[in-house]
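Enquirer: What follows is a predicted structure for the sequence shown.
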Amino acid sequence: MIIRMIKSFLGGKVRHVPMTAPIDPAHVQAATVRRVIDGDTIDVAIPEANNPRKSTIHRVRFIGADAPELRGPERKYGKKAKDFTKRYCRKNTRVWLVRIPGANNDGNATDAHRRLRRHVWIRQPQTTERAMRNGQLGAMLLQAGMARCVSDTRANANSDIFLSIQNEARRARRGIWKSRMFRNQ
């Protein structure tokens with residue numbers, strides 16, 4: 001019945017909208033950008049639960065995307081990835097961090113470098129692929145060819161979408177995929 005109503009409202013056409021993994025509101029946390037460290041890592045201020053006027057600075061590593069390093073042979077592309085992230089994460093920009101339980105595979109809140117691992121959104125998190133491509137920084141880096149996909153399915157339930165986005169950038173030779181250094185990876 002509801003489907004028929006929607007069909008008639010849309011003129012008989014129903015499109016399939018690709019959905020991403022569900023987002024649990026309990027795992028979403030607003031934060032304020034303090035600084036961009038590199039293409040896939042930022043420092044954020046997270047308000048304390050018992051005193052919202054006070055915040056704690058945390059380093060956050062994006063889940064699912066690995067940007068080139070700022071040192072070594074990849075540094076040219078690392079700088080471009082950092083500049084890309086800076087475009088969306090200026091100081092005092094509001095972002096949303098989405099925690100994925102088990103993202104570090106060991107139950108800890110941080111990785112080996114004591115960084116939080118989170119999906120970082122520049123818009124309110126949503127569950128469509130389109131929203132992800134336009135608002136989730138890891139996916140945006142992949143789409144621009146500024147990062148490689150890290151497809152750990154325990155940490156990233158959207159790893160199939162991330163891999164698809166990376167492959168589109170690779171075929172179009174965007175960003176790092178223009179270079180022979182990355183094409184064979």
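Expert: That came through fine.
Enquirer: low-confidence ranges in this structure?
Expert: 1-21, 102-109, 151-156, 185 (pLDDT under 70).
Enquirer: quick one, strands of it?
Expert: Using DSSP state E, the strands of the chain run over residues 28-38, 41-47, 55-62, 65-66, 94-98, 116-121, 148-149.
Enquirer: of all those strands, which lies closest to S164?
Expert: Nearest of the strands of the chain to S164, taken as CB to CB: strand 148-149 at 9.1 Å. Backbone N, C-alpha and C define where each C-beta goes, glycine included.
Enquirer: Pull out the buried positions in stretch 54-63.
Expert: Across stretch 54-63, burial judged by 16 or more other CB atoms under 10 Å covers 58-63.
Enquirer: which of these lies closest to I46?
Expert: Closest approach between the buried residues of stretch 54-63 and I46, by CB to CB: H58, at 5.7 Å.
Enquirer: before we move on, back to that, which of the strands of the chain is buried the deepest?
Expert: strand 116-121 (a mean of 26; mean count of other CB atoms under 10 Å).
Enquirer: can you pull the contacts of the most centrally placed residue in the chain?
Expert: The geometric centre of the chain, computed from its C-alpha atoms, lies nearest to G138 (CA atoms, centre = their mean), at 2.7 Å. Residues in contact with G138 (CB atoms under 8 Å, 6 or more residues apart in numbering) are 40, 62-65, 119-120, 147, 162.
Enquirer: and with 7 Å instead?
Expert: 62-65, 119, 162 (CB atoms under 7 Å, 6 or more residues apart in numbering).
Enquirer: Out of those residues, which comes closest to R174?
Expert: A65 (13.9 Å).
Enquirer: and the nearest residue in space to L70 that is not next to it in sequence, how many neighbours?
Expert: Once flanking residues are discounted, L70 sits nearest to G78: 4.2 Å by CB to CB, 6 or more residues apart in numbering. Residues near G78, counting by other CB atoms under 10 Å, number 21.
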